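*Asks:* Turn this into a model:
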Amino acid sequence: MTAEQVIQVSAATFAQYREGLLVLLLDAVQHGASVGFMDDLDAPQANRYFDEVHTQLALGNLLLWVLMEDQRVLASVQLVLCQKANGLNRAEVQKLLVLNEARRRGLGQVLIHALEQGARKQKRGLLHLDTEAGSPAENFYSALGYTRVGELPNYCQSPNGAYAPTAIYFKTLSEPQ
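*Replies:* Purely as a prediction, here's the structure:
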């Protein structure tokens, strides 16, 4: 087995990771991840989503990391950079995905550390995210120093269609300059 490698994907290199990202997203939704898609997600829908990811990478609105092992995408995470003039210090953590077979190996933690380092380079000192309330992700983010600020009832549907509350978290990396 080779060592895992975290790579920041650019618009120029996106094509070489796209198929692995597609497999990863389909696997995550199939296993119940509440990441904005319903359980009828198919490859054409996922490809349309990744067309938009590529566009946002090219525009500089989004940063994307993948965790590779043996030339296979095992996990990924995205950071959406706020583009508002009054919000250039903040960014949103989105779609932390780990292949079901690769879970419980600390890959998510490795990716979050890479994301936080990337956020600092972009001078984004305030990170925020939402995750399904009551999910294991809450313990994960709390353990990494994210603070829960509240919960919104019936915020989104899980892939099976049931509405669930979402918990809002933040982490301060640095004070605005």
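*Asks:* Enumerate every residue touching the residue most central in space within the chain.
*Replies:* Nearest residue to the geometric centre of the chain (Cα atoms, centre = their mean): residue 95, 2.6 Å. The contact partners of residue 95, taken as Cβ atoms under 8 Å, 6 or more residues apart in numbering, are 25, 35, 36, 76, 77, 78. For glycine as for every other residue, the C-beta is placed from the backbone atoms N, C-alpha and C.
*Asks:* and those, which are buried?
*Replies:* Buried by 16 or more other Cβ atoms under 10 Å: 25, 35, 76, 77, 78, out of the contacts of residue 95.
*Asks:* and the closest residue to the second one other than its chain neighbours, what are its phi and psi?
*Replies:* Spelled out, that is residue 35. The shortest distance from residue 35 to any non-neighbouring residue, by Cβ to Cβ, 6 or more residues apart in numbering, is to residue 95 (5.2 Å). Main-chain dihedrals, residue 95, degrees, to the nearest 10: phi 50, psi 60.
*Asks:* what's the answer for residue 134, then?
*Replies:* Dihedral angles (degrees, to the nearest 10) for residue 134: phi 80, psi 0.
*Asks:* Same question for residue 32.
*Replies:* Dihedral angles (degrees, to the nearest 10) for residue 32: phi 90, psi 10.
*Asks:* Residue 105 too?
*Replies:* phi -120, psi 0.
*Asks:* Residue 13 too?
*Replies:* Dihedral angles (degrees, to the nearest 10) for residue 13: phi -100, psi 0.
*Asks:* just residue 82 next, same as before
*Replies:* Main-chain dihedrals, residue 82, degrees, to the nearest 10: phi -60, psi 130.
*Asks:* Count the residues that sit near it.
*Replies:* 16 (other Cβ atoms under 10 Å).
*Asks:* Give me the subset of the buried ones among the contacts of residue 95 that lies in helices.
*Replies:* Counting by DSSP state H, the members of those that fall within helices are residue 25.
*Asks:* from the buried ones among the contacts of residue 95, which two are the most distant?
*Replies:* 25 and 77 (12.3 Å; Cβ to Cβ).
*Asks:* Give me the common contacts of those two.
*Replies:* Both residue 25 and residue 77 are contacted by 95, 97, under the criterion Cβ under 8 Å, 6+ apart.
*Asks:* Tell me the buried residues in stretch 89-108?
*Replies:* Buried residues in stretch 89-108 (16+ other Cβ under 10 Å): 89-99, 102, 105, 107-108.
*Asks:* what is the rounded mean pLDDT of stretch 112-120?
*Replies:* For stretch 112-120, the mean pLDDT works out to 97.
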